[in-house]
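Participant: sequence and predicted model, in that order:
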Amino acid sequence: MRDMRVFGIQSNGKFNEYLQTPFKVDHEEAILEEWLESNPDGIVENGNVLIIGRQVVTNLGGFIDLLGLDREGNIVVVELKRDRTPRETIAQSLEYVSFAEMLDIIQLERILQSYLNDESLNLAKHHRMFFELGYDEAIAFNKKQRIVIIGQHVTPEIRQTASFLRNKGIRVTCVEFTFFRANGGTRLFSQEIVVGKETGKPTYVVSGSLPVVTEDTFLASADENGRLVFTRILELARNKSMPIHWGTKGFSLNVDIKGTHVAICFAYPPDSVYKQTLRTSSYDVGGVERKAAVPENVIKVLLEQAEATGLFVPAGKELKCNITRKLSEGEIESLVTWCESVEKAIRKYGLKE
């Protein structure tokens with residue numbers, strides 16, 4: 001990246017220079033991963049990226065720093081350039097994208113579920129919600145793949161090879177970043193795209209996980225309207241010994257049948273992809289239809305009962321209750337009563353054989 005001087009303008013009109021700082025002086029590579037993970041809109045040259053995995057284990061024992069999807073459903077392999085030779089950097093990136101090419105939608109979904117600690121997540125639904133796609137926009141996952149190499153200095157060898165690969169149809173982007181720090185601790189992070197600025201399947205895949213929330217942090221992230229509802233759901237769980245599974249954003253309410261947990265519903269805070277909602281789990285992975293022997297006609301009756309409360313609206317095959325206002329005590333009680341109805345049905349019919 002070109003040497004540049006960056007200044008802040010003080011209230012008296014004087015300049016305060018930000019000093020370029022070698023990243024590894026104060027940081028580890030993991031910190032850069034976290035920054036990119038939290039700011040995926042800065043990874044590629046023409047749009048946002050949905051991160052679905054971190055430190056994803058490949059079939060050859062390597063670790064993909066970040067694995068993502070773009071708006072069209074294409075795989076994005078993000079590789080941080082460490083202290084490796086240019087040949088090693090390019091070879092490893094190609095090895096990782098060759099692995100990613102073999103992943104089908106089920107394996108991608110498992111990576112996402114592992115990464116977010118939520119086995120109920122549906123990849124297509126999560127992707128559609130993240131990019132705010134219309135239901136008329138068709139997505140074909142992993143039809144194409146792309147590589148993003150990020151480092152403080154992208155060598156001429158990497159740039160030349162990356163440009164060659166792009167000319168041969170392999171989509172490679174190279175990004176250089178610079179870290180600045182000023183007196184007083186103010187920090188700046190800049191980046192520049194130096195290459196790519198444009199007008200057999202594995203049997204087991206693993207991803208690192210984000211930290212899960214706790215009850216306290218979850219309730220703190222909800223607004224006052226949400227806390228009234230979620231507190232009652234959590235009270236129901238405690239009173240009836242119903243397991244709560246905590247994810248990176250929200251939680252699921254479950255029924256324990258001989259050690260197998262069947263999800264009844266999912267709760268999400270305002271800053272999640274699903275916004276502040278209570279969502280049914282009749283057909284999702286880990287839910288009623290997938291794990292329990294509850295007949296289809298009974299599931300339909302339960303969903304009709306949920307709609308009859310006047311609080312739920314359709315969300316694909318599921319229903320969601322958008323908590324955007326203060327619900328009355330009677331309305332909250334109707335949600336709790338519905339959860340108890342689903343619990344009774346699961347206990348009555350048991351698990352699928």
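Facilitator: Alright, I've got the coordinates.
Participant: for the stretch 201-350 of the chain, which segments count as strands?
Facilitator: For the stretch 201-350 of the chain, the strands defined by DSSP state E, counting those that start in this stretch occupy 206-208, 244-246, 251-257, 260-268, 277-280, 313-315, 318-322.
Participant: looking at these, which has the lowest confidence?
Facilitator: Of all the strands of the stretch 201-350 of the chain, the minimum mean pLDDT falls on strand 206-208 (a mean of 65).
Participant: that older thread, any chance of the strands of the stretch 201-350 of the chain in TSV, with mean neighbour count too?
Facilitator: (Glycine included, C-beta is placed from N, CA and C.) Converted to TSV, these look like this (neighbours: other Cβ atoms under 10 Å):
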stretch	mean neighbour count
strand 206-208	18
strand 244-246	17
strand 251-257	21
strand 260-268	24
strand 277-280	25
strand 313-315	12
strand 318-322	21
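Participant: on the pLDDT front, check Glu176 for me.
Facilitator: If you check Glu176, the pLDDT there is 79.
Participant: so how far is whichever strand or helix holds it off the chain centroid?
Facilitator: For Glu176, the element it lies in under DSSP states H and E is strand 171-181. How far strand 171-181 lies from its chain's middle: 23 Å, per Cα atoms, centre = their mean, to the nearest Å.
Participant: hmm, back to that, using TSV, lay out the strands of the stretch 201-350 of the chain together with distance to Met102.
Facilitator: Listed next are the strands of the stretch 201-350 of the chain as TSV, based on distance: least, Cβ to Cβ, whole Å:
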stretch	distance to Met102
strand 206-208	15
strand 244-246	30
strand 251-257	30
strand 260-268	30
strand 277-280	32
strand 313-315	32
strand 318-322	30
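Participant: which helix or strand in this protein has the lowest average pLDDT?
Facilitator: The weakest-scoring helix or strand in the chain, judged by mean pLDDT, DSSP states H and E, is helix 23-26 (a mean of 51).
Participant: all helices for the stretch 151-300 of the chain, in order.
Facilitator: Taking DSSP state H, counting those that start in this stretch as the criterion, the stretch 151-300 of the chain contains helices spanning 156-167, 215-221, 224-239, 288-291, 296-308.
Participant: buried stuff in the second one?
Facilitator: Which is helix 215-221. Neighbour-count burial for helix 215-221, counted by 16 or more other Cβ atoms under 10 Å, picks out Phe218, Ser221.
Participant: who's in contact with that helix?
Facilitator: Helix 215-221 is contacted by residues 213, 227, 230-231, 234, 244, 246, 250-251, 267, 269-271 when judged by Cβ atoms under 8 Å, 6 or more residues apart in numbering.
Participant: domains for this structure, by residue range?
Facilitator: As assigned by automatic domain parsing, the chain contains the domains 6-208, 215-349.
Participant: worst average pLDDT in these?
Facilitator: Note on the domains of the chain: lowest mean pLDDT is at domain 6-208, with a mean of 79.
Participant: what sits against Ile346?
Facilitator: Listed by Cβ under 8 Å, 6+ apart, the contact partners of Ile346 are Val255, Ile257, Val262, Ile264, Val288, Ala292, Val294.
Participant: 10 Å - rerun?
Facilitator: 254-257, 262-264, 287-288, 291-294, 302 (Cβ atoms under 10 Å, 6 or more residues apart in numbering).
Participant: longest helix in this structure, please.
Facilitator: Longest among the helix segments of the chain by residue count, using DSSP state H, is helix 329-349.
Participant: so which bits of that one are buried?
Facilitator: For helix 329-349, a neighbour-count test (16+ other Cβ under 10 Å) marks Glu331, Ile332, Ser334, Leu335, Trp338, Cys339, Val342, Glu343, Ala345, Ile346 as buried.
Participant: the fourth one touches Arg232, doesn't it?
Facilitator: Translated: Leu335. Yes. With contact defined as Cβ atoms under 10 Å, Leu335 counts as touching Arg232 (7.5 Å).
Participant: show me whatever sits in contact with both of the two.
Facilitator: Leu327.
Participant: before we move on, back to that, with the contacts of helix 215-221 in mind, which one is nearest to Val148?
Facilitator: Distance to Val148 across the contacts of helix 215-221 (Cβ to Cβ) is lowest for Asp271, with 25.6 Å.
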